[in-house]
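Colleague: The following block contains a protein sequence and its predicted model.
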Amino acid sequence: MNKIKIFICGNFGYKNNQIDGQTIKTRQLKDVMIKKIEKGNVVYVDTSYAKSRPISTFNKVKRNIKNSTNLIMLPGSNGLRVLLPLFIRWKKKLKIDIRYVVIGGWLPDFLEKKKKYLSLCKKLDKIYVETKFMKQKLMGMGLQNVGILTNFRQFSFTRKSINKVKGSLKLVYFSRILKEKGIELAIESVNRINKKYGKKIIEFDIYGPIDNKYRKEFEKQIVKSEEYICYKGFLEPNNIYKKLSKYDLMIFPTFYEGEGFPGAIIDSFISGIPVLASDWKYNCEIIKEGETGKLFTSQDIEDLTAKLEFIINNPSLIYTMKKNCLKEAKKYDADFVLDSLIKDIGLKV
């Protein structure tokens with residue numbers, strides 16, 4: 001055990017306190033590894049400092065990789081371009097075990113276009129993707145070193161009771177706010193249903209960082225529906241599950257190209273709220289139709305509205321799905337998920 005040192009290299013976002021799917025997953029992986037592995041055997045480098053401190057960041061990476069037996073890398077596409085050739089070169093020289101934990105669903109499309117990196121990926125000890133579909137795509141491209149490590153969350157929240165829908169449906173969206181996340185579809189669908197029934201049958205709250213290029217358009221959308229649609233800023237990480245548990249349904253109408261295994265869906269399950277999501281990318285693998293949520297045809301406002309109205313008219317289904325979500329959440333506990341990675345590396349859990 002004394003010979004093993006785990007080096008984790010990725011974007012932790014500490015420089016600007018960047019909070020998104022990539023940084024949350026990277027930080028939580030590091031925290032769990034430190035908790036589970038003997039003290040002093042886990043080190044890390046935050047690549048968010050690479051632009052402002054390129055030399056010192058490079059030197060830290062080089063020093064840690066020389067003193068470690070195992071490297072866990074978590075770069076996005078830009079980081080992969082820089083780091084992968086470097087790491088493969090060092091791997092050959094230092095005989096270090098390198099495992100790549102992929103965040104998001106972009107890697108198959110990236111490797112189809114960048115054959116150079118496909119050949120380099122074949123030299124990694126293991127690539128962990130978030131879904132079965134991603135694994136199948138990569139294996140179809142000739143990669144045999146692919147495993148599955150679902151997205152995960154560290155959480156201690158326990159929902160004590162499940163509330164039935166009373167009065168209007170309390171709908172929530174929480175993710176980055178940009179056009180490709182489908183927020184306009186959600187707003188339009190809520191507007192249509194409330195107009196049809198002539199009353200506030202849905203109350204819709206929106207949380208998340210607004211993309212700067214999309215801010216003006218988003219604000220226009222909100223102003224038109226301010227009576228029952230409200231932007232509420234950010235959800236505080238320490239209070240996220242308690243806050244979300246007050247809602248009845250999460251809407252996730254994304255058609256974002258880089259979507260993988262959205263952490264927002266796990267957050268919904270932990271909070272005990274089902275998800276109405278677009279049938280986009282890998283959502284159909286994560287959401288069990290009629291059990292933990294429902295799917296609608298991507299970018300189809302008619303289908304979205306029909307599915308949302310169906311849910312409203314079947315409150316008993318919402319109640320059942322809420323209970324199912326709490327059970328489903330246990331599968332994505334970080335301690336449970338990362339045990340398989342630790343065993344893969346060759347350590348005892």
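Modeller: Sure, I can see it.
Colleague: Just the helices from the stretch 51-200 of the chain, written as ranges.
Modeller: 54-66, 77-94, 107-113, 115-121, 132-140, 183-197 (DSSP state H, counting those that start in this stretch).
Colleague: now, of these, which is deepest in the fold?
Modeller: helix 183-197 (a mean of 19; mean count of other CB atoms under 10 Å). To be clear about C-beta, it is placed using only N, CA and C from the backbone, and glycine gets the same treatment.
Colleague: Quick check: which helices or strands does that helix pack against?
Modeller: Counting contacts by 3 or more CB pairs under 8 Å, 6 or more residues apart in numbering; DSSP states H and E, helix 183-197 packs against strand 169-174, strand 202-207, helix 215-223, strand 229-231, helix 301-312.
Colleague: Mind telling me which of the ones you listed the model trusts least?
Modeller: Sorting the helices and strands packed on helix 183-197 by mean pLDDT places helix 215-223 lowest, at a mean of 91.
Colleague: rewinding a little: now for the helices of the stretch 51-200 of the chain, which one comes closest to S268?
Modeller: Nearest of those to S268, taken as CB to CB: helix 183-197 at 14.4 Å.
Colleague: contacts for the closest one?
Modeller: Residues from elsewhere that reach helix 183-197, judged by CB atoms under 8 Å, 6 or more residues apart in numbering: 171, 173, 177, 200-202, 204, 206, 218, 221-222, 224-225, 228-229, 251, 253, 299, 301, 304-305, 308-309, 312.
Colleague: Quick check: the gap between N283 and P75.
Modeller: From N283 over to P75 the distance is 24 Å, taken as CB to CB, to the nearest Å.
Colleague: do F7 as well
Modeller: 13 Å.
Colleague: same check, this time on L308
Modeller: For L308 relative to P75 (CB to CB), the value is 37 Å.
Colleague: Not counting stretch 339-349 itself, show me its contacts.
Modeller: Residues from elsewhere that reach stretch 339-349, judged by CB under 8 Å, 6+ apart: 1, 4, 6, 33, 36-37, 70, 72, 97, 99, 101, 126, 128, 147, 149.
Colleague: what's the answer for stretch 13-32, then?
Modeller: Against stretch 13-32 from outside (CB under 8 Å, 6+ apart): 8, 10-12, 42, 44, 46, 48-49, 52, 72, 74, 76, 101, 103-104, 151-154, 176, 209, 237, 260, 262-263, 334-335, 338.
Colleague: are any of those residues buried, and which?
Modeller: 8, 10-12, 42, 44, 46, 48-49, 72, 74, 76, 101, 103-104, 151-153, 176, 260, 262-263, 334, 338 (16 or more other CB atoms under 10 Å).
Colleague: List the buried residues for the worst-scoring helix or strand of the chain on mean pLDDT?
Modeller: Using mean pLDDT, DSSP states H and E, helix 215-223 stands out as the lowest-scoring helix or strand of the chain, at a mean of 91. By neighbour count on 16+ other CB under 10 Å, the buried set for helix 215-223 is F218, Q221.
Colleague: Return the members of the contacts of helix 183-197 classed as buried.
Modeller: Among these, those scoring as buried are 171, 173, 177, 201-202, 204, 206, 218, 221, 228-229, 251, 253, 301, 304-305, 308-309, 312 (criterion: 16+ other CB under 10 Å).
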